[in-house]
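Colleague: Sequence plus the predicted model coming up.
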4 protein chains.
Amino acid sequence: MHNESRLIRLKTIEGHLKGITRMVEEDAYCIDVIRQIQAVEAALSKVSAQILEEHLNSCVITAIRGDSQAERERVLKEISEVFAMSGKM
Amino acid sequence: MHNESRLIRLKTIEGHLKGITRMVEEDAYCIDVIRQIQAVEAALSKVSAQILEEHLNSCVITAIRGDSQAERERVLKEISEVFAMSGKM
Amino acid sequence: MHNESRLIRLKTIEGHLKGITRMVEEDAYCIDVIRQIQAVEAALSKVSAQILEEHLNSCVITAIRGDSQAERERVLKEISEVFAMSGKM
Amino acid sequence: MHNESRLIRLKTIEGHLKGITRMVEEDAYCIDVIRQIQAVEAALSKVSAQILEEHLNSCVITAIRGDSQAERERVLKEISEVFAMSGKM
């Protein structure tokens, strides 16, 4: 169900990106292309945030409440990593 | 010619994004999806930077060396705007 | 102890930022100032990531393993929010 | 004059950052610290954008309207570089 909403967003972004490719093929004005690319990046950040939220509320809760410390450490390390990466972009 | 290189990059990113949609359809692990989305965002930032560089070396030079002050102000304002936007993402 | 390392980093960044103010006072070249500001932003992102990592390994584990669902939801919501915000910058 | 406005902003940010250091010294809640760091990063991006705008309207115009191609290329390359860097953060 959650999946459905992500898929719709991702397919919308795919369409948006195809539109940008078409703009470049038709020699659109550079700044217009850059603005559209920035819009796609913003949309992707939103999907990422949505996916992370769902991940926290499912896998992460399960792992942290579970008995395996290794598993717990793994899921927390992953979140640290994607957060650190988002700061580099 | 420059156009060609941008197009190839954009089509590669389209392919990458389609792969991500497929991952979501096949219920891939959330963190793997987020990492792929971050890779696409980084690739888009690179295309943007490349397009801006070419824009500076063509339209911007022409406008600034031209006689119209309005045109000059317009191109510079656009660059300020895309830079300001990039700081918000 | 963790605190100590964050404090040292933050004080280093304070010193860096004071250096930038001095550059502006002495009319340094704009691009050099911008580069230094970008370096400070990168350093701040690193401290943020470090703080989040420690938060995950302390408060978040405690909350999720605890009995209060409200508390659990609160800590997860906060992480979603700071991640979403980092995508906007 | 422009300088004055940048200096005021930078000094305000210095004060903000000192406040964050104090929060860490007093063991403030991690997420509150991260949010304040994100606010400082946003403020720094704004100063950067302001400095770039002024740079475009002074040095860049002078260089591009000037006779030295090397100088022209230098200023444009610098703008590409700070833009590319901003995409990595």
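Modeller: Structure received. As the structure is a prediction and not an experimental result, all values here were calculated from the model.
Colleague: Burial check on A:Ala43, number of neighbours?
Modeller: 16 (other CB atoms under 10 Å in any protein chain shown). No exception for glycine: its C-beta is placed from N, CA and C like everyone else's.
Colleague: So it sits against A:Glu14, correct?
Modeller: No. The pair A:Ala43 / A:Glu14 is not scored as a contact, 10.5 Å apart, by CB atoms under 8 Å.
Colleague: which SSE is the residue nearest in space to the middle of chain A in?
Modeller: By CA atoms, centre = their mean, the mean C-alpha position of chain A lies nearest to A:Ser48, the distance being 2.4 Å. Assigned by DSSP states H and E, A:Ser48 belongs to helix A:30-55.
Colleague: So which bits of that helix are buried?
Modeller: Residues of helix A:30-55 classed as buried: A:30-31, A:33-38, A:40-41, A:43-45, A:47-55 (neighbour count, 16 or more other CB atoms under 10 Å in any protein chain shown).
Colleague: Flag the shaky bits of chain A, pLDDT-wise.
Modeller: A:1-2, A:89 (pLDDT under 70).
Colleague: near chain C, which residues of chain A show up?
Modeller: With CB under 8 Å from any CB of the partner chain as the criterion, chain A meets chain C at residues A:42, A:45-46, A:48-49, A:52-53, A:56-57, A:60-61, A:64-65, A:72, A:76, A:79-80, A:82-84, A:86-88.
Colleague: Recalculate using a threshold of 7 Å.
Modeller: A:45, A:48-49, A:52-53, A:56-57, A:61, A:64-65, A:76, A:79-80, A:83-84, A:86-88 (CB under 7 Å from any CB of the partner chain).
Colleague: Give me the nearest residue to A:Met85, chain neighbours excluded.
Modeller: Leaving aside its sequence neighbours, A:Met85 sits nearest to B:Gln38 (CB to CB, 6 or more residues apart in numbering or on different chains; 5.3 Å).
Colleague: how far away is that neighbour from A:Gly15?
Modeller: For B:Gln38, the distance to A:Gly15 (CB to CB, to the nearest Å) stands at 21 Å.
Colleague: mind checking how far the residue nearest to the centre of chain A is from C:His16?
Modeller: A:Ser48 is 30 Å from C:His16, by CB to CB.
Colleague: can you check A:Ile13 too?
Modeller: A:Ile13 is 37 Å from C:His16, by CB to CB.
Colleague: What of A:Leu76?
Modeller: Counting by CB to CB - A:Leu76 and C:His16 are separated by 30 Å.
Colleague: What would I type in PyMOL if I wanted to highlight the buried members of the residues of chain A next to chain C and nothing else?
Modeller: Listed next is the PyMOL selection for buried residues among those, using 16+ other CB under 10 Å:
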select buried, chain A and resi 45+48+49+52+53+56+57+61+64+76+79+80+83+84+86+87
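Colleague: out of the residues of chain A next to chain C, which touch chain D?
Modeller: Answer for those near chain D (CB under 7 Å from any CB): A:Lys88.
Colleague: With that, I have no additional questions.
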